[in-house]
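Participant: just the structure for this:
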Amino acid sequence: MDIDDILKETLEEMLKHLDVEYKKIEIDEEEDNFNINIKSDNPSLLIGYHGENIQALQHLTKVLSYKRIGDDQKFHITLDVDDYKKRQEENVIALASRLVEKARATGRPQSLPPMSAYFRKKIHTHLMGAGYDDVETESRGEADRRHVVIKIKG
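Facilitator: Down below sits the predicted model:
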(Lines give C-alpha, C1' and ligand atoms only; values in the text may rest on other atoms or scores of the structure.)
Protein backbone atom coordinates (compact mmCIF):
# COMPACT_ATOMS: atom_id res chain seq x y z
CA MET A 1 0.00 0.00 0.00
CA ASP A 2 1.38 3.45 -0.95
CA ILE A 3 1.94 6.19 1.62
CA ASP A 4 -0.82 8.35 0.14
CA ASP A 5 -3.28 5.42 0.42
CA ILE A 6 -2.30 4.92 4.07
CA LEU A 7 -2.63 8.66 4.78
CA LYS A 8 -6.07 8.79 3.19
CA GLU A 9 -7.28 5.65 4.96
CA THR A 10 -5.95 6.87 8.32
CA LEU A 11 -7.65 10.24 7.93
CA GLU A 12 -10.92 8.64 6.79
CA GLU A 13 -10.94 6.39 9.86
CA MET A 14 -10.26 9.31 12.21
CA LEU A 15 -13.00 11.45 10.66
CA LYS A 16 -15.42 8.50 10.88
CA HIS A 17 -14.63 8.00 14.60
CA LEU A 18 -15.04 11.74 15.18
CA ASP A 19 -18.39 11.57 13.34
CA VAL A 20 -17.28 14.39 11.02
CA GLU A 21 -18.70 14.45 7.52
CA TYR A 22 -16.56 15.46 4.55
CA LYS A 23 -16.95 15.44 0.78
CA LYS A 24 -13.50 14.49 -0.41
CA ILE A 25 -9.86 14.04 0.62
CA GLU A 26 -7.33 15.21 -1.97
CA ILE A 27 -3.64 14.30 -1.68
CA ASP A 28 -0.86 15.89 -3.76
CA GLU A 29 2.59 14.36 -3.42
CA GLU A 30 5.81 16.27 -4.04
CA GLU A 31 8.78 13.97 -3.30
CA ASP A 32 8.34 13.12 0.40
CA ASN A 33 5.84 15.92 1.08
CA PHE A 34 2.14 15.09 1.10
CA ASN A 35 -0.31 18.00 0.90
CA ILE A 36 -3.73 16.85 2.05
CA ASN A 37 -6.85 18.96 1.56
CA ILE A 38 -10.18 17.91 3.08
CA LYS A 39 -13.24 19.24 1.27
CA SER A 40 -16.14 19.72 3.67
CA ASP A 41 -19.60 21.30 3.95
CA ASN A 42 -18.74 22.25 7.55
CA PRO A 43 -15.08 23.34 7.43
CA SER A 44 -15.18 25.43 10.62
CA LEU A 45 -15.44 22.29 12.77
CA LEU A 46 -12.34 20.80 11.16
CA ILE A 47 -10.44 24.12 11.13
CA GLY A 48 -11.14 25.07 14.74
CA TYR A 49 -10.13 28.28 16.50
CA HIS A 50 -7.19 29.78 14.58
CA GLY A 51 -6.60 26.43 12.86
CA GLU A 52 -5.99 24.49 16.09
CA ASN A 53 -8.10 21.52 14.98
CA ILE A 54 -6.24 21.29 11.66
CA GLN A 55 -2.93 21.18 13.54
CA ALA A 56 -4.20 18.45 15.86
CA LEU A 57 -5.58 16.38 12.97
CA GLN A 58 -2.33 16.82 11.05
CA HIS A 59 -0.29 15.62 14.02
CA LEU A 60 -2.54 12.61 14.66
CA THR A 61 -2.57 11.67 10.98
CA LYS A 62 1.22 11.73 10.86
CA VAL A 63 1.70 9.78 14.10
CA LEU A 64 -0.85 7.09 13.19
CA SER A 65 0.49 6.80 9.64
CA TYR A 66 4.09 6.45 10.85
CA LYS A 67 2.88 3.66 13.13
CA ARG A 68 1.41 1.81 10.12
CA ILE A 69 4.29 2.50 7.71
CA GLY A 70 7.23 2.25 10.07
CA ASP A 71 9.84 4.78 11.14
CA ASP A 72 12.28 3.82 8.37
CA GLN A 73 10.33 5.82 5.76
CA LYS A 74 10.43 9.58 6.42
CA PHE A 75 7.83 11.94 4.98
CA HIS A 76 6.11 15.21 5.82
CA ILE A 77 2.42 16.02 5.64
CA THR A 78 0.55 19.31 5.54
CA LEU A 79 -3.15 19.10 6.25
CA ASP A 80 -5.60 21.73 5.04
CA VAL A 81 -9.38 22.10 5.03
CA ASP A 82 -11.06 23.79 2.06
CA ASP A 83 -7.74 25.57 1.34
CA TYR A 84 -7.91 27.48 4.66
CA LYS A 85 -4.14 27.29 5.26
CA LYS A 86 -3.42 28.21 1.65
CA ARG A 87 -5.53 31.38 1.97
CA GLN A 88 -3.88 32.18 5.33
CA GLU A 89 -0.42 31.75 3.75
CA GLU A 90 -1.33 34.08 0.91
CA ASN A 91 -2.62 36.67 3.41
CA VAL A 92 0.50 36.62 5.63
CA ILE A 93 2.81 36.75 2.59
CA ALA A 94 0.86 39.75 1.24
CA LEU A 95 1.07 41.46 4.64
CA ALA A 96 4.81 40.78 4.86
CA SER A 97 5.32 42.20 1.36
CA ARG A 98 3.45 45.38 2.32
CA LEU A 99 5.57 45.72 5.46
CA VAL A 100 8.75 45.28 3.39
CA GLU A 101 7.68 48.29 1.32
CA LYS A 102 6.97 50.25 4.49
CA ALA A 103 10.39 49.29 5.93
CA ARG A 104 12.06 50.38 2.69
CA ALA A 105 10.20 53.70 2.72
CA THR A 106 10.80 54.51 6.40
CA GLY A 107 14.06 52.67 7.07
CA ARG A 108 12.49 51.38 10.31
CA PRO A 109 11.94 47.74 11.28
CA GLN A 110 8.40 46.45 10.87
CA SER A 111 6.75 43.82 13.08
CA LEU A 112 4.11 41.37 11.99
CA PRO A 113 1.50 40.12 14.46
CA PRO A 114 2.25 36.96 16.47
CA MET A 115 1.76 33.77 14.47
CA SER A 116 2.57 30.08 14.44
CA ALA A 117 5.99 28.71 13.58
CA TYR A 118 4.53 27.40 10.32
CA PHE A 119 3.55 30.88 9.09
CA ARG A 120 6.74 32.51 10.43
CA LYS A 121 8.78 30.00 8.42
CA LYS A 122 6.72 30.76 5.30
CA ILE A 123 7.51 34.48 5.70
CA HIS A 124 11.23 33.92 6.36
CA THR A 125 11.47 31.66 3.30
CA HIS A 126 9.51 34.03 1.05
CA LEU A 127 11.62 37.04 2.04
CA MET A 128 14.83 35.14 1.27
CA GLY A 129 13.74 34.96 -2.37
CA ALA A 130 14.40 37.15 -5.39
CA GLY A 131 13.68 40.85 -4.96
CA TYR A 132 14.36 40.84 -1.24
CA ASP A 133 18.18 40.97 -1.18
CA ASP A 134 18.04 44.14 0.94
CA VAL A 135 15.75 42.54 3.55
CA GLU A 136 16.45 40.46 6.64
CA THR A 137 14.00 38.85 9.02
CA GLU A 138 14.11 37.51 12.54
CA SER A 139 11.65 35.97 14.95
CA ARG A 140 11.23 37.65 18.32
CA GLY A 141 9.10 37.05 21.39
CA GLU A 142 8.19 34.03 23.42
CA ALA A 143 5.60 31.27 23.02
CA ASP A 144 2.34 32.54 21.51
CA ARG A 145 3.72 36.11 21.27
CA ARG A 146 6.45 35.06 18.80
CA HIS A 147 6.44 37.24 15.67
CA VAL A 148 8.55 38.18 12.62
CA VAL A 149 10.43 41.48 12.42
CA ILE A 150 11.40 42.76 8.97
CA LYS A 151 14.48 44.97 8.67
CA ILE A 152 16.37 46.59 5.83
CA LYS A 153 20.03 45.51 5.70
CA GLY A 154 22.76 48.03 6.17
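
Participant: does anything pack onto the longest helix seen in the chain? Which helices or strands?
Facilitator: If you go by DSSP state H, the chain has its longest helix at helix 84-106. On a contact count with 3 or more C-beta pairs under 8 Å, 6 or more residues apart in numbering; DSSP states H and E, helix 84-106 meets strand 76-81, strand 110-111, helix 117-126, strand 147-152. Just so you know, the C-beta spots here come from the backbone N, C-alpha and C atoms, and that holds for glycine as well.

Participant: ok and it relative to strand 76-81, angle-wise?
Facilitator: Orientation of helix 84-106 against strand 76-81 (axes from the mean of the first three to the mean of the last three C-alpha atoms, to 10 degrees) gives an angle of 100 degrees.

Participant: roughly how far apart are the spatially most central residue of the chain and residue 85?
Facilitator: By C-alpha atoms, centre = their mean, the chain has its centre lying nearest to residue 118, at 5.0 Å. Look at residue 118 and residue 85: by C-beta to C-beta, to the nearest Å, they are 8 Å apart.

Participant: got it, and residue 41?
Facilitator: The value you get for residue 41 to residue 85, if C-beta to C-beta is used, is 19 Å.

Participant: higher neighbour count, these two?
Facilitator: Just comparing residue 41 and residue 85: by other C-beta atoms under 10 Å the higher neighbour count belongs to residue 85, 22 against 9.

Participant: contacts only, for that one.
Facilitator: When contacts are counted by C-beta atoms under 8 Å, 6 or more residues apart in numbering, residue 85 touches 51, 54, 78, 79.

Participant: beta partners of the third one?
Facilitator: Meaning residue 78. Under DSSP bridges, the beta-bridge partners of residue 78 are residue 35.

Participant: so who does it touch?
Facilitator: Residue 78 neighbours (C-beta under 8 Å, 6+ apart): 33, 34, 35, 36, 58, 85.

Participant: filter these down to the buried ones.
Facilitator: Burial by neighbour count, 16 or more other C-beta atoms under 10 Å: within the contacts of residue 78 this picks out 34, 35, 36, 58, 85.

Participant: and the protein, what are its domains?
Facilitator: Following automatic domain parsing, the chain resolves into domains at 3-82, 87-152.

Participant: so for the first one, first residue to last residue, what's the gap.
Facilitator: Terminal residues of domain 3-82 lie 22 Å apart, using C-alpha to C-alpha, to the nearest Å.
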